[in-house]
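Novice: okay, predicted coordinates and the sequence, questions at the end:
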Amino acid sequence: MKKFIKNVCLFLSPIILLICFIIPFYVVMEKSGELDDINTCIKWQRNNSDCLIGLGYNEQTAYYKLLNTNYNKPEVIG
């Protein structure tokens, strides 16, 4: 029985170690705002003009520009 428990622990140890590293990383990324959606980032930027948005994990620049253009309603010089 001891050999079985030892083998099970050895088998599960990489999975447990992986979980122990991924969960804290995800929690830190979630609390820092790195994983927020683009709408939340735009709200932050509208409330604070010093806020910059850099999209490192997704490519939503067209959507971001469209939302800001519709919000600001600039005059087009023709």
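Specialist: Yep, it's here.
Novice: in the protein, where is pLDDT below threshold?
Specialist: 56-58, 77-78 (pLDDT under 70).
Novice: give me the domain ranges for it.
Specialist: 1-33, 36-73 (automatic domain parsing).
Novice: need the ones you listed in CSV with mean neighbour count, can you?
Specialist: Quick note: C-beta positions are derived from backbone N, CA and C, even for glycine. Below are the domains of the chain laid out as CSV (neighbours: other C-beta atoms under 10 Å):
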stretch, mean neighbour count
domain 1-33, 10
domain 36-73, 11
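Novice: residue 29: helix or strand, and which one exactly?
Specialist: If you go by DSSP states H and E, residue 29 is part of helix 2-32.
Novice: also residue 34?
Specialist: Per DSSP H and E, there is no helix or strand for residue 34.
Novice: just the C-alphas of stretch 42-62, formatted as PDB.
Specialist: What follows is stretch 42-62 as a C-alpha-only set of coordinates in PDB (Å, rounded to 0.1, in the frame of the first residue of the first chain):
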ATOM      1  CA  ILE A  42     -12.100  52.300 -21.900                       C
ATOM      2  CA  LYS A  43     -14.100  53.300 -18.900                       C
ATOM      3  CA  TRP A  44     -10.900  53.700 -16.900                       C
ATOM      4  CA  GLN A  45      -9.400  55.800 -19.600                       C
ATOM      5  CA  ARG A  46     -12.400  58.100 -19.800                       C
ATOM      6  CA  ASN A  47     -12.300  58.700 -16.100                       C
ATOM      7  CA  ASN A  48      -8.500  59.200 -16.000                       C
ATOM      8  CA  SER A  49      -6.900  60.900 -19.000                       C
ATOM      9  CA  ASP A  50      -3.400  59.800 -17.800                       C
ATOM     10  CA  CYS A  51      -4.500  56.100 -18.300                       C
ATOM     11  CA  LEU A  52      -2.900  54.400 -21.300                       C
ATOM     12  CA  ILE A  53      -4.100  51.200 -22.800                       C
ATOM     13  CA  GLY A  54      -1.700  48.700 -24.300                       C
ATOM     14  CA  LEU A  55      -3.300  45.600 -25.700                       C
ATOM     15  CA  GLY A  56      -0.700  42.800 -25.200                       C
ATOM     16  CA  TYR A  57      -2.900  39.700 -25.100                       C
ATOM     17  CA  ASN A  58      -5.600  40.500 -27.700                       C
ATOM     18  CA  GLU A  59      -6.000  42.600 -30.800                       C
ATOM     19  CA  GLN A  60      -9.000  44.700 -30.500                       C
ATOM     20  CA  THR A  61      -7.600  48.000 -31.700                       C
ATOM     21  CA  ALA A  62     -10.300  48.500 -34.400                       C
END
